[in-house]
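Asker: my questions are about this predicted structure, shown below with the sequence.
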Amino acid sequence: MVCTAGPAASGALSVMRETLGMTMEMFIHDETPTDEVDRREKVLSGLADSVRDLVDATIRSTVPDDELAAVRAEVAALAARLRRQQLPGPAGVHYNSEGRSWNWGNAVVGLGNAVAPPVEIVHDAFGSAYAEMTLGAAYEGPPGMVHGGVSALMLDQIMGETASGFKRLTMTGTLTLRYRRPLPLGPVRMDARIAGEEGRKITVEARIGVPGEDTAVEATGLFLIPRWASVDETEQGWSRSAEG
Ligand SMILES: CCCCCCCC(=O)SCCNC(=O)CCNC(=O)[C@H](O)C(C)(C)COP(=O)(O)OP(=O)(O)OC[C@H]1O[C@@H](n2cnc3c(N)ncnc32)[C@H](O)[C@@H]1OP(=O)(O)O
């Protein structure tokens, strides 16, 4: 599961947060026990799945207008129930000292985010990852095709994760895309790999397309370990260089 980090990654998250200090509270140390996180994640992701289905059903529904209006009233009542207890802001990235991290709001992989497909990214080795998912009606751009911005979003996520490997903090600096052919809605596959590293700069190459077919979109990205997140590798025990 993509949002589950091992102890090394948890250590890196902890380092990241300490390095960030008070400037950017993006990683939240949260001592919720792992079994509670797992339980909550199961229930929340089930709800997000249903909401995702609702989005697809809304786009494609042809029921009469009065039925649409009745469904709207029911959906508004459900939203009001959920709003009885809310976070003050976005979900953020949480981690506990047992090595569990969770990232439920992320736009691509967030299990609690119905806007996300959600993509499950497999890291087969450091610097290499792939993902297979289905992009349905909610991701349409040209008729029947995946929106070009959605392809960019999906690629940015897998490339960012590949650059970071959950061992260091990286941010997208520059993303270059070549749209070679339209990508039909339906099953798609992405692949990404680190193509080079120089100090704080990591170059990642990636592609997205119909599984087993020619590449639809190819991407090259420069991912940067921000100056403020750079640490001494020997002090922190990271497996890769994070030159400051
Ligand atoms: C596991 C998580 C997966 C997440 C996947 C999702 C990825 C994302 O969406 S990240 C969000 C989108 N990206 C951003 O918001 C980044 C915004 N930009 C920034 O924060 C900063 O500009 C940042 C961090 C990229 C660079 O800042 P900083 O570390 O101060 O760089 P700085 O020291 O000035 O420059 C270092 C080198 O990189 C180069 N550089 C800086 N910015 C860029 C850039 N955008 N593109 C290319 N090169 C750049 C500089 O020219 C410099 O090169 P050299 O050493 O040869 O002179």
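Answerer: Happy to help now that I have it. Numbering: from 1, shown residues only.
Asker: closest residue of the protein to the ligand?
Answerer: G160 (2.6 Å; C-beta to the nearest ligand atom). Quick note: C-beta positions are derived from backbone N, CA and C, even for glycine.
Asker: next structured bit after the helix or strand harbouring that residue?
Answerer: Here G160 sits within helix 148-164, counting by DSSP states H and E. The helix or strand immediately downstream of helix 148-164 is strand 171-179, counting by DSSP H and E.
Asker: and that following strand, which strands flank it?
Answerer: Strand partners for strand 171-179, identified by DSSP bridges, are recorded as strand 215-224 (antiparallel).
Asker: list of residues touching the partner strand?
Answerer: Residues outside strand 215-224 that contact it (C-beta atoms under 8 Å, 6 or more residues apart in numbering) are 146, 148, 151-152, 155-156, 159-160, 163-164, 170-183, 188, 195, 200-210.
Asker: number of residues surrounding S50?
Answerer: 11 (other C-beta atoms under 10 Å).
Asker: typo on my end, it should be A125
Answerer: 8.
Asker: ok, it to I194 distance?
Answerer: 10 Å (C-beta to C-beta, to the nearest Å).
Asker: tell me which stretches of the chain form strands.
Answerer: All strands of the chain, identified by DSSP state E, fall at 27-29, 93-95, 101-102, 121-125, 128-135, 171-179, 186-198, 201-209, 215-224.
Asker: what's the fourth one in contact with?
Answerer: Which is strand 121-125. Applying C-beta under 8 Å, 6+ apart, the set of residues contacting strand 121-125 is 2, 109, 129-131, 157-158, 161-162, 165-166.
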